[in-house]
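Chemist: next one to model:
(one chain, ligands or ions: 1)
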Amino acid sequence: MSAAEGTTRNAELFDRARAAIPGGVNSPVRGFGSVGGTPRFLERAEGPHVWDAEGSRYVDLVASWGPALLGHAEPSVLEAVHAAVSRGLSFGASTPGETELAELIAERVRAGGLAPVERVRLVSTGTEATMTAIRLARGATGRDLLVKFAGHYHGHSDSLLAEAGSGLATLALPGSAGVTAATAAQTLVVPYNDRAAVEAVFAEHGERIAAIITEASAANMGVVPPEPGFNAFLAETAHRHGALLILDEVLTGFRVHPAGFWGLQVEGGERFVPDLMTFGKVIGGGLPLAALGGRADLMAQLAPTGPVYQAGTLSGNPVAVAAGLATLRAATPEVYARLNRTADAIVAATGEALHAAGVEHSISRAGNLFNVVFAPRSPRDYAEAKTQRAERYAPFFHAMLDAGVSLPPSVFEAWFVTAAHDEAALDQIRAALPLAARAAAAG
Ligand SMILES: *Cc1c(COP(=O)(O)O)cnc(C)c1O
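Modeler: The predicted model follows:
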């Protein structure tokens, strides 16, 4: 099949979708806006692969944007989901599984004798988790301002859409229409990895700042890890001023280490205790589930024990909880070791191919999360991330896609490996890279 014929069915589906759904997509980055061309409509996924509506198979490095840690349609997860479905879909009442998952999250997020998650509340999306964490921080401190970093994405609630990374970076919007000036004014945006900027914002507004929210490692403007000591500095600075640190592990949590990016850092010798943490993506194993957790006294401020309201009709949905429990239970230390080896192999092959094609690049990495940057060094903040030769990504992306490898459709997104990527999948990636690297060189 030629490339032109090969996109016919996908193109038809996209046309039809655009007549029914804004932009044809239910989340913006799926629309291929920054890489152009026709999004693939997917019908099936298994192991390291996805299949589109034309029956073409791709090695997948999107992994549903993270949740497919074990690989797609992992048998033990499907079995748990089937068993849960057979008992009913939703009860609107407490279920034993919710407590098991809360206990498991609290138990997993421990390192170096520290245990920052004493209580957990389950919600349905990462957006709800961070939105609730902020409300809780404001309610608990009685303060109104929030500090966030440029290029960090925390979901699409109003307070958090200021300079919010990938989706918005891709569309080149500074924020979002529909967010009131009053709301925007309560979020103080500072450059990432910039201690002086954090100090300055606290020197000016310290008594009004409820919390700093930060991605445990930035990964929504491409991967941009915190510099050594930066997260601990944030905890110390927030606490010195009576504010809280919200560590957003929606993307990194249970993906880069059994205890998330925080666990990786504590194991590496950085000791700090966030007040609240947010989780999503991996903990739902592919179904809508997210969580916030933290200090017991703070979490007790949530309704019904406290005055900070939060609720959800489908919160702790039994099918999603079953998928989450099965996923976390299967995510053993061996799985993380395997994910690291897979990431190592793809990083090495990608670097070699780009080097051979003479493409100036670096590969930015945090644990098993990584991506190519078309600049000589990895960025330390959003301003620097935007200075790369981003136009090289579209030809690179499409050459990979034509060779059956599905990368994230934006240069500002992390690549996601799964435990199901085997030698055959890696070989297909290695085989695709040289031509894609040459396409990038020409781009
Ligand atoms: C994906 C993401 C969110 C939002 O989660 P949704 O489930 O998409 O609402 C929040 N924070 C981070 C760091 C994320 O990567």
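Chemist: what's the offset of stretch 225-237 from the middle of its chain?
Modeler: 19 Å (C-alpha atoms, centre = their mean, to the nearest Å).
Chemist: do it and the ligand meet?
Modeler: No: counting by C-beta under 6 Å from any ligand atom, no contacts exist between stretch 225-237 and the ligand, the nearest distance being 13.1 Å. Where you see a C-beta, it was placed from the backbone N, CA and C, and this is true even at glycine.
Chemist: residue 46 and residue 72 touch, don't they?
Modeler: Yes: using C-beta atoms under 8 Å, residue 46 makes contact with residue 72 at a distance of 5.3 Å.
Chemist: these two: who's more crowded?
Modeler: residue 72 (21 against 16; other C-beta atoms under 10 Å).
Chemist: any figure for the gap between the more buried one and the ligand?
Modeler: From residue 72 across to the ligand, the span is 18 Å (C-beta to the nearest ligand atom, to the nearest Å).
Chemist: the closest residue to that residue other than its chain neighbours and the ligand, how far apart?
Modeler: Nearest in space to residue 72, with sequence neighbours left out and distances taken as C-beta to C-beta, 6 or more residues apart in numbering, is residue 45 at 3.5 Å. Residue 45 sits 18 Å away from the ligand, taking C-beta to the nearest ligand atom as the criterion.
Chemist: elements contacting the one helix or strand residue 45 maps to?
Modeler: Using DSSP states H and E, residue 45 sits within strand 42-46. Judged by 3 or more C-beta pairs under 8 Å, 6 or more residues apart in numbering; DSSP states H and E, strand 42-46 is in contact with strand 49-52.
Chemist: name the helices or strands packed onto the next helix or strand after the strand it packs on?
Modeler: For strand 49-52, the following helix or strand on the C-terminal side (DSSP H and E) is strand 57-60. Judged by 3+ C-beta pairs under 8 Å, 6+ apart, strand 57-60 is in contact with strand 49-52, strand 405-406, helix 423-442.
Chemist: dihedrals phi and psi, the spatially most central residue of the chain?
Modeler: The chain has residue 251 as the residue nearest its centroid, 2.8 Å off, counting by C-alpha atoms, centre = their mean. The phi and psi values for residue 251, taken as degrees, to the nearest 10, are phi -90, psi -40.
Chemist: mind listing what it touches?
Modeler: Contacts for residue 251 (C-beta atoms under 8 Å, 6 or more residues apart in numbering) come out as 65-66, 126, 215, 219-220, 280-281, 369, 414.
Chemist: just give me the neighbour total for the residue in the chain that the ligand sits nearest to.
Modeler: The ligand sits closest to residue 126 of the chain, with a gap of 2.1 Å, by C-beta to the nearest ligand atom. Number of residues near residue 126 (other C-beta under 10 Å) recorded here: 29.
Chemist: wait, it touches residue 288, no?
Modeler: No: look at residue 126 against residue 288 with C-beta under 8 Å: they stay out of range, at 9.8 Å.
Chemist: quick check: residue 148 is in a strand.
Modeler: Yes: counting by DSSP: H, G, I helix; E, B strand; the rest coil, residue 148 is part of a strand.
Chemist: so what sits opposite it in the bridge?
Modeler: residue 189 (DSSP bridges).
Chemist: confirm for me that it is in contact with residue 214.
Modeler: Yes: here residue 148 reaches residue 214: they are 7.4 Å apart, a contact under C-beta under 8 Å.
Chemist: more crowded one of the two?
Modeler: Shown here are residue 148 and residue 214; by other C-beta under 10 Å, residue 148 has more neighbours (28 against 25).
Chemist: circling back: just the helices and strands packed on strand 57-60: most buried one?
Modeler: strand 405-406 (a mean of 22; mean count of other C-beta atoms under 10 Å).
Chemist: partners of that strand, with directions?
Modeler: For strand 405-406, using DSSP bridges, the partner strands are strand 57-60 (parallel).
Chemist: now do the buried residues in the partner strand.
Modeler: 58-60 (16 or more other C-beta atoms under 10 Å).
Chemist: what pLDDT is listed against the residue lying closest to residue 271 once chain neighbours are set aside?
Modeler: Excluding the flanking residues, the one nearest residue 271 by C-beta to C-beta, 6+ apart is residue 112, at 6.1 Å. Residue 112 is assigned a pLDDT of 96 by the prediction.
Chemist: count the neighbours of the closest residue to residue 313 other than its chain neighbours for me.
Modeler: Leaving aside its sequence neighbours, residue 313 sits nearest to residue 92 (C-beta to C-beta, 6+ apart; 6.8 Å). Applying other C-beta under 10 Å, we find 8 other residues in the vicinity of residue 92.
Chemist: quick one: contacts for the residue nearest to residue 291 when sequence neighbours are not counted?
Modeler: In space, and not counting its chain neighbours, residue 291 is closest to residue 279: 4.6 Å by C-beta to C-beta, 6+ apart. If a contact means C-beta under 8 Å, 6+ apart, then residue 279 has 105, 126, 129, 249-250, 253-254, 260, 290-293 as its contacts.
Chemist: mark which of these are buried, thanks.
Modeler: Buried residues within these, counting neighbours by 16+ other C-beta under 10 Å: 105, 126, 129, 249-250, 253-254, 260, 290-293.
Chemist: can you list the residues of the stretch 51-200 of the chain near the ligand?
Modeler: 125-127, 130, 153-155.
Chemist: shaky segments in the stretch 251-400 of the chain?
Modeler: By pLDDT under 70, the stretch 251-400 of the chain has no low-scoring segment.
Chemist: ok, which residues in it are in contact with the ligand?
Modeler: Those residues of the stretch 251-400 of the chain that sit near the ligand, judged by C-beta under 6 Å from any ligand atom, are 251, 280, 290.
Chemist: do that again at 5 Å, thanks
Modeler: 251, 280 (C-beta under 5 Å from any ligand atom).
Chemist: tell me which stretches of the stretch 251-400 of the chain form helices.
Modeler: 260-267, 296-299, 318-330, 333-356, 382-385, 393-402 (DSSP state H, counting those that start in this stretch).
Chemist: want to throw those into a markdown table with distance to residue 181?
Modeler: Compiled in a markdown table, those are given as follows (distance: least, C-beta to C-beta, whole Å):
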| stretch | distance to residue 181 |
| --- | --- |
| helix 260-267 | 33 |
| helix 296-299 | 30 |
| helix 318-330 | 36 |
| helix 333-356 | 42 |
| helix 382-385 | 22 |
| helix 393-402 | 34 |
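Chemist: separation between the residue nearest to residue 291 and residue 258?
Modeler: Distance of residue 279 to residue 258, computed by C-beta to C-beta, to the nearest Å: 13 Å.
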